[in-house]
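A.B. asks: Quick one: sequence plus predicted model below, questions after.
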Amino acid sequence: MQDKKTYKTTSNRVAVTGMGIISAIGNSVEDNKAALFSYKSGIKPISKILTIHASQIQVGEVSSSNNTLLTQLQLTPDTNFTRTALLGLTAVKEALNNAKIIEFDTYKTGLISSTTVGGMDKTEQHLKQYKTSLESQKYISSHHAGDSTQKIANYIGINDFTTTISTACSSAANAIMLGARLIKSGKLDRVIVGGTDALSKFTINGFKTLMILSDQLCQPFDDNRKGLNLGEGAAYLVLESEFIAKKEKQSILAYVSGYANANDAFHQTASSENGQGAYLAMQKALKIAKIKPEQIDYINAHGTATPNNDLSESVAIKRVFGDQVPNLSSTKANTGHTLAASGAIEAVFSVLALQEQTVFPNLNFKSKMKETMLTPITKIKKTEIKHVLSNSFGFGGNCSTIIFSKK
Amino acid sequence: MRNCYIHSAVSISAQNTFDTDSFLAAIITHHENKIQAIYPNYREYISPSASRRMETGVKIGFVAATKALTLAQLSQPDAILTATGMGCIADTEKFLNSIINNNETYLTPTSFIQSTHNTVGAQIALGLQCNGYNSTYTHGNLSFESALIDAKLLIDLEEANNILVGGIDELGNEFVDYLQMIEAKYDKGINVPFGEGASFVVLSSKKKANAIKLLDITTVNKISIKQLTQKLEVFLSGNNLNFKDIDAIVLGNNGDVFDNYYDDIACSLFAHAAQINYKHLVGEFHTASAFGFWLAIKILENQHIPVGVLKNSTHSTTLKTVLLYNQFKGESHGFILISIC
């Protein structure tokens, strides 16, 4: 990967220079920020998907319909954009706009996206009409997970390195990590990283069979938590080598200073009791960032509000931080669990925390978990924040941690 | 930059490539438009109870990975990277159809759990109790190349020394028919069977006697045929090579109209080199290029090109450097360079 000359320097620190997001609490970074400051939750009864489970679940849906998104993106209705692709492209466009990047000729630029469901939102509606309906057939080729990434790349005009990661709910964190490593190694100058997932009957029913969906608003880290609320959305960061960012006088929003990926190697869908994968991911990320646990000012937890995740994550956090657990919150009660996108959505929130010097509150928390007695932050907290640690864990034992730093 | 050596390569494919010492000596001719891989004796690798719950992709992936580790004499890799275009499509179809047929009732979680794209990587990690770096790439026909890029990066950045990398795709039962239905509508569509397979390699920073070296890999989303020559020139010169240094090219021809990408460079730049095709033998699928990678490695190891894959007659006596090139429908181009040490 070395044809366009990259601007390799000795340091190659990884700067965040742009962000874009669409989630249940807003269609832009500004909207999401305002929603976080006003304790807003986007979790509601489901409205866009017909499911027999409607009365037993609460979800975080993006308010815009596919038609609205198509119009905003100036796409014609005859395209085969899935909702996953529409959400992804909307967030990517905002991120590029935010980073004021209008062309990809000057610097070697890549796109690393991630998704779990891919084009499933359309597949599940059209599968049984594929044989007979011409209108349905256009969605055959949009099923596979790489399709939304390919569409985004072609729309914005990225011809260079483009790929897709799918490691369940840690996917976007791994996309951020790969992007950071490609910049560090000098293989890319710039890279757009993140993830997108649309709600689908497939995931609703999947999580339903695992009995980890709550019929109430989810309560991360609460002793009486009943399970998660699914959500949908997309978020992307623009990463640049610090050298380029400074040369181009970009405003640097934050740095990706640490990252790590470990496998829990315990169970296909459950996390281990001692949170080994999560523990290793956090430890390794701190090591890469060359900082000590006590230098972390805020943990944006994975905190899905399932009994298993929050216990395992709490144990892992206590193993890393001892009794001095930093400010902690999960923003899943705002957005719902957006699966592949969650690591990117929470990356945007982590960068906002650094910019605003604010810990965002963990909604719906009432009582401490008996086992670990952790108390998340429940009120907007203004405090000095230099380093934020963000966790993302997924099925298959995939555990990832990213550390964002102010300087 | 550290060197990247290939310590083992294993493939389960629609040819006899797994349980044999011969190297594609007897080619199996397939006449169907969908071809299954030749399945190994799973009992030697997976307990029957676990095996019953697994679909083909997970099983062949797990078995190919296990054998790749054994051949490399590696008990615990530092990282596990898998690649799959369609993911665990059989379990995906199974769960999707139960939702549709039973109107969201009477569902069991097994097929949902095993439908996630990272299932193979997760099962390998679980089996080995491997806590190392673990990721899954699912970007159409660049899935395997993406995993290989990450693996090489892990070695370059000294983040890992021994890495298991593989590409897995299974035929499944339903989607493949829809894809073929669409393909049949094209004037000059894909003209090889649709296939499946699992190919794994162990990459290492440690030099080993007779090991093949992974020199470089690059991918590009879009490129015109005109730009291809320049792209290849830059790619090769970055590795201090020129066109004449390439002894063999492994091309992803599948009979469709986009084969002109391959034909163009085969005639203009690499007429001197051995030209190798493989999709007529194992079928087209998103991670077919992982089979191509296995094939290229075996050709260098054996210093022999099986007749069934050789398209032309000219080739030099010593095979030193091989270039692999694959693309899909004129997009997602992947280039890999390997050589003997």
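C.D. replies: Arrived safely. Residues are numbered from 1 along each chain as shown, chains lettered A, B, ... in the order given.

A.B. asks: Does A:Glu240 belong to a helix, a strand or coil?
C.D. replies: Assigned with DSSP: H, G, I helix; E, B strand; the rest coil, A:Glu240 falls in the strand class.

A.B. asks: neighbours around B:Ala296, how many?
C.D. replies: When neighbours are counted by other Cβ atoms under 10 Å in any protein chain shown, B:Ala296 registers 25. Using the backbone N, CA and C atoms, a C-beta is placed for each residue, glycine as well.

A.B. asks: ok, it to B:Tyr278 distance?
C.D. replies: Summarising the geometry, the distance separating B:Ala296 from B:Tyr278, computed by Cβ to Cβ, to the nearest Å, is 9 Å.

A.B. asks: shared neighbours, the two?
C.D. replies: When contacts are counted by Cβ atoms under 8 Å, 6 or more residues apart in numbering or on different chains, B:Ala296 and B:Tyr278 are jointly contacted by B:Val250.

A.B. asks: domains in chain B, as residue ranges please.
C.D. replies: The record assigns chain B these domain ranges, following automatic domain parsing: B:5-204, B:212-340.

A.B. asks: Deepest-packed of those, please.
C.D. replies: Comparing those on average neighbours per residue, with mean count of other Cβ atoms under 10 Å in any protein chain shown, the densest one is domain B:5-204 at a mean of 21.

A.B. asks: Give me the below-cutoff pLDDT ranges for chain B.
C.D. replies: Within chain B, the stretches falling below the threshold (pLDDT under 70) are B:315.

A.B. asks: Strands of that one, start to end?
C.D. replies: Remark: strands of chain B, listed N- to C-terminal, are B:5-12, B:79-83, B:133-137, B:162-169, B:197-204, B:212-222, B:248-251, B:274-277, B:321-328, B:331-340; assignment by DSSP state E.

A.B. asks: Pull the distance from the third one to the chain's centre.
C.D. replies: Centroid displacement of strand B:133-137 relative to its chain, using Cα atoms, centre = their mean, to the nearest Å, is 15 Å.

A.B. asks: repeat for the fourth one
C.D. replies: Its chain's average C-alpha position is 9 Å from that of strand B:162-169, according to Cα atoms, centre = their mean.

A.B. asks: Counting by contacts, list what that strand packs against.
C.D. replies: When contacts are defined as 3 or more Cβ pairs under 8 Å, 6 or more residues apart in numbering or on different chains; DSSP states H and E, strand B:162-169 sits against helix B:56-71, strand B:79-83, helix B:119-128, helix B:143-156, strand B:197-204, helix B:288-302.

A.B. asks: same check, this time on the longest one
C.D. replies: Using 3+ Cβ pairs under 8 Å, 6+ apart as the contact criterion, the elements in contact with strand B:212-222 are helix A:146-156, strand A:162-165, strand B:5-12, helix B:143-156, helix B:225-237, helix B:288-302, strand B:331-340.

A.B. asks: now with 7 Å?
C.D. replies: When contacts are defined as 3 or more Cβ pairs under 7 Å, 6 or more residues apart in numbering or on different chains; DSSP states H and E, strand B:212-222 packs onto strand B:5-12, helix B:143-156, helix B:288-302, strand B:331-340.

A.B. asks: tell me the angle that strand makes with strand B:162-169.
C.D. replies: Taking axes from the mean of the first three to the mean of the last three Cα atoms, to 10 degrees, one finds that strand B:212-222 is oriented at 50 degrees with respect to strand B:162-169.

A.B. asks: from the chain's centre, how far out does strand B:212-222 sit?
C.D. replies: Mean-position distance between strand B:212-222 and its chain equals 13 Å (Cα atoms, centre = their mean).

A.B. asks: Please apply the same query to the last one.
C.D. replies: For strand B:331-340, the distance between its averaged C-alpha position and the chain's averaged C-alpha position is 12 Å (Cα atoms, centre = their mean).

A.B. asks: Need the nearest residue in space to residue 24, chain neighbours excluded.
C.D. replies: Just so you know, I chose chain A. Leaving aside its chain neighbours, A:Ala24 sits nearest to A:Gly42 (2.6 Å; criterion: Cβ to Cβ, 6 or more residues apart in numbering or on different chains).

A.B. asks: To clarify, I was referring to chain B.
C.D. replies: Here the nearest residue to B:Leu24 in space, its sequence neighbours aside, is B:Pro306; by Cβ to Cβ, 6+ apart that works out to 3.9 Å.

A.B. asks: show me what contacts that neighbour?
C.D. replies: For B:Pro306, the residues meeting the contact criterion (Cβ atoms under 7 Å, 6 or more residues apart in numbering or on different chains) are B:23-25.

A.B. asks: what do you get if the cut-off is 8 Å, keeping everything else the same?
C.D. replies: When contacts are counted by Cβ under 8 Å, 6+ apart, B:Pro306 touches B:23-25, B:27.

A.B. asks: Ok, B:Leu24 next?
C.D. replies: Shown in contact with B:Leu24 (Cβ under 8 Å, 6+ apart): B:15-17, B:281, B:306, B:308-309.

A.B. asks: What is the nearest of the residues you listed to chain A?
C.D. replies: In terms of Cβ to the nearest Cβ, no member of the contacts of B:Leu24 lies closer to chain A than B:Leu281, at 23.5 Å.

A.B. asks: quick one: that closest one and B:Leu295 touch, right?
C.D. replies: No - the pair B:Leu281 and B:Leu295 does not pass the contact test of Cβ atoms under 8 Å, sitting 9.1 Å apart.

A.B. asks: Need the overlap of contacts for the two.
C.D. replies: When Cβ under 8 Å, 6+ apart defines a contact, the residues bordering B:Leu281 and B:Leu295 alike are B:Val309.

A.B. asks: Alpha carbons only: can I get stretch A:152-163 in PDB?
C.D. replies: Extracted C-alpha coordinates of stretch A:152-163, given in PDB (Å, rounded to 0.1, in the frame of the first residue of the first chain):
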ATOM      1  CA  ILE A 152     -20.200   5.300   0.700                       C
ATOM      2  CA  ALA A 153     -16.700   5.100  -0.900                       C
ATOM      3  CA  ASN A 154     -18.100   5.500  -4.400                       C
ATOM      4  CA  TYR A 155     -20.500   8.400  -3.400                       C
ATOM      5  CA  ILE A 156     -17.700  10.400  -1.800                       C
ATOM      6  CA  GLY A 157     -15.100   9.400  -4.300                       C
ATOM      7  CA  ILE A 158     -12.600   7.400  -2.300                       C
ATOM      8  CA  ASN A 159     -10.600   5.300  -4.700                       C
ATOM      9  CA  ASP A 160      -8.000   4.100  -2.400                       C
ATOM     10  CA  PHE A 161      -7.900   1.700   0.600                       C
ATOM     11  CA  THR A 162     -11.500   0.800   1.500                       C
ATOM     12  CA  THR A 163     -12.500  -2.000   3.900                       C
END
